[in-house]
Structures are given as structure tokens and as C-alpha cells.
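In: Sequence isn't available, so here's the structure alone:
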Ligand code: ATP
């Protein structure tokens, strides 16, 4: 019986290993699907960075030729400034972030970092200076520690704990029975949208990017999680050039410029105060969100 048990047991181990490997392969393919190949130009050069300044110049973009998505987008984020983009679902906000990260190339116009057209640069040099906190963070099937440390394989424990503290997720991790060694991802502990985003922020903090792209989660968060994320982001945004795709206007009151998008066009721009005075689309959206807050029992503050 023992002779039979050993190979069967071995087969069981093998089966589990293959199954887990397939889950990871599945995740890999899904990631690859979202990131089509952008080839470096034959004479691509590494980015020369003296100022992390971002410029969109007359940018037009479509995913498919018969469906234009962005029309003549112009904006500038000087070093250390924060620009926020707001607008209805499908307006093209996340597409701006994808173009800046060079998941796609613009159809017309150009995007510059420190005065260099990003199409002339090596994508590797471009992406090392950017930290991206996506709307829906995919966590690896591994420990929380690994999921944060991934941003900088040389980081030590103190650096990882510090990043998690700034991201407002350290206390939450510490109170889990296995702390930083807790397994997360599809096979591990299921985290809420807010918790996942704070882990992604910790990852971004550890990377210390010159340019931070923050794509706020659409899922509604309770006020406490929202505030925790907001505080984390403020800490991070201080030292970086930031592009925020925002769904909750309360999170971008302090932005240097807010762009309001409708169907791929920038229809209004200015600071929070300027836009409220204009009494246009932004002011309307602000009033709606304020009413929602007052009417929602969990959002009463
Ligand atoms: P949300 O607030 O819902 O995230 P958004 O303003 O960020 O919306 P985008 O994700 O930029 O909107 O999408 C803009 C438009 O582009 C949408 O109509 C969407 O259907 C389309 N789109 C997005 N990704 C692709 C893609 N990979 N292929 C084709 N069309 C796409």
C-alpha cells in the first residue's frame, strides 16, 4: 500500500504545482493582453531626466480607427505639480494614463517628458521613473511583503515597513495573524479595493518614482478608507510630478490644475476654486457629489 501511496502522493503534489503555475500563467496572459507590444525605435535613447515635467501636445488617439477616443489634448505638469482629470465614465481619462506609460502610442500629436518625445526613448528608461497605481491592482499570489518589495528587490524590511506606514496600510497588515507573511492574491486572503490600493501605493512609494500616475478606484469606498488613501497619496504626491485620474472630487481639491473631460475633449480646466466659480460641468458634478455624501448614512462626517 505504501508503494502505491508514495507515487499517488507525488502525483497530488505535482497536480497542485501545475494548477498553481497555470493560475500564474493565466494572470500573466491577462497582463500581457492589456499591454500590447510597443517596440523601441531602432535609435531609441534612454530618457535624460533633469526635470520630471510632463507635456501632452495636441494629442489625438483611437484604439480602433473608426472610433476616436481623445481629441486635441493639451496640458502640462511642471515638476512636483499635480494635475487631476475628472469626467464621466468612458470620457478617456484612463487612456491618458495608458498613453503616458506608453502602453500605446498617440495617433497624432506628442507626449514629452523633460522635453523629450516619449516615442524616441527606450520604454525601459521611461517606465523606471514612473510609478503607477492602477484602478484595479492585481496582486501576485504571494505574501504581502513580496507584493510591496516587488517594486525594489533590494529594499530591506525597514524600507518596506516605512513604505507601508506612509501608505496607511502597515497597521492593517500588522493585525493580520501572519502579518507581512500573509498570502494574498487569488489563492490568498481577499482584500478590499481600498486595502489593495494602499498596498499598490506602498509599492509605488518604495519605487520613489519621479512621475506618479494614480488611477483612483471607481468602486465606492467608505470615508475612512478614502481618507486613508488620500493621506497616503498626499504624502507621496509632495515629492513627485503627479497625474491623478479621479472619481471623487473631494480627493483632488488641492490639485494645481483640474481637467474636466467629456467624450475625449477637455471641456473645462482650472483649480477647484476657479472651476466652482465658473458654475459649469465641474461645479455641477461637485454639487451632485456633495448631495450624495449628505444623503448617504455611511458618508456623513
Ligand atoms: P472610467 O471612468 O469608467 O474608468 P475612463 O474615462 O477612464 O472611464 P477610458 O478607460 O479611458 O475611460 O476609455 C475611454 C473609451 O475607450 C471607452 O469608450 C472605452 O470603451 C474605450 N476603450 C478603452 N480601452 C479600450 C481598448 N483596449 N480597446 C478599445 N477601446 C477601448
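Out: Yep, that arrived. Everything numeric in this text was worked out from a predicted model, so none of it was measured.
In: Quick one: residues contacting residue 55.
Out: Contacts were defined as C-beta atoms under 8 Å, 6 or more residues apart in numbering; by that measure residue 55 touches 75-77, 111-113, 115. For glycine as for every other residue, the C-beta is placed from the backbone atoms N, C-alpha and C.
In: By neighbour count, which of these wins?
Out: When neighbours are counted by other C-beta atoms under 10 Å, residue 113 leads the contacts of residue 55 with 25 neighbours.
In: quick one: which of the contacts of residue 55 is nearest to residue 250?
Out: Using C-beta to C-beta, residue 77 comes nearest to residue 250 of the contacts of residue 55, at 21.0 Å.
In: End to end on stretch 139-148, go ahead and measure it.
Out: End-to-end distance of stretch 139-148 (C-alpha to C-alpha, to the nearest Å): 9 Å.
In: what is the rounded mean pLDDT of that stretch?
Out: The pLDDT scores in stretch 139-148 average 93.
In: Pull out the buried residues from that stretch.
Out: 139, 141-148 (16 or more other C-beta atoms under 10 Å).
In: now swap in stretch 182-192 and tell me
Out: Judged by neighbour count (16+ other C-beta under 10 Å), stretch 182-192 contains these buried residues: 182-185, 188, 191.
In: Show me which of those residues is closest to residue 65.
Out: residue 185 (37.4 Å).
In: mind showing which ranges of this structure have poor pLDDT?
Out: Where the chain drops to pLDDT under 70, the residues are 1-37, 218-223, 225, 235-238, 296-301.
In: can you list the residues of it near the ligand?
Out: 63, 69, 87, 89-95, 218 (C-beta under 6 Å from any ligand atom).
In: In helices, which of these fall?
Out: When those are checked against helices (DSSP state H), the matches are 93-95.
In: Now rank those by neighbours and give me the top one.
Out: Counting neighbours by other C-beta under 10 Å, the top entry in these is residue 93, with 25 neighbours.
In: End to end on stretch 202-216, go ahead and measure it.
Out: From its first residue to its last, stretch 202-216 covers 15 Å (C-alpha to C-alpha).
In: now that stretch: how far from the chain's centre is it?
Out: Here stretch 202-216 is found 8 Å from its chain centre; the criterion is C-alpha atoms, centre = their mean, to the nearest Å.
In: thinking again about what came up before, if any of the residues of the chain next to the ligand are buried, put those into a PyMOL selection.
Out: For the buried members of these, the matching PyMOL selection, counting by 16+ other C-beta under 10 Å, is:
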select buried, resi 69+87+91+92+93+94+95
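In: can you name the two of the residues of the chain next to the ligand that are farthest apart?
Out: 63 and 218 (19.5 Å).
In: quick one: the helices in the stretch 151-300 of the chain?
Out: Using DSSP state H, counting those that start in this stretch, the helices of the stretch 151-300 of the chain run over residues 157-166, 170-174, 193-207, 223-237, 272-278, 281-295.
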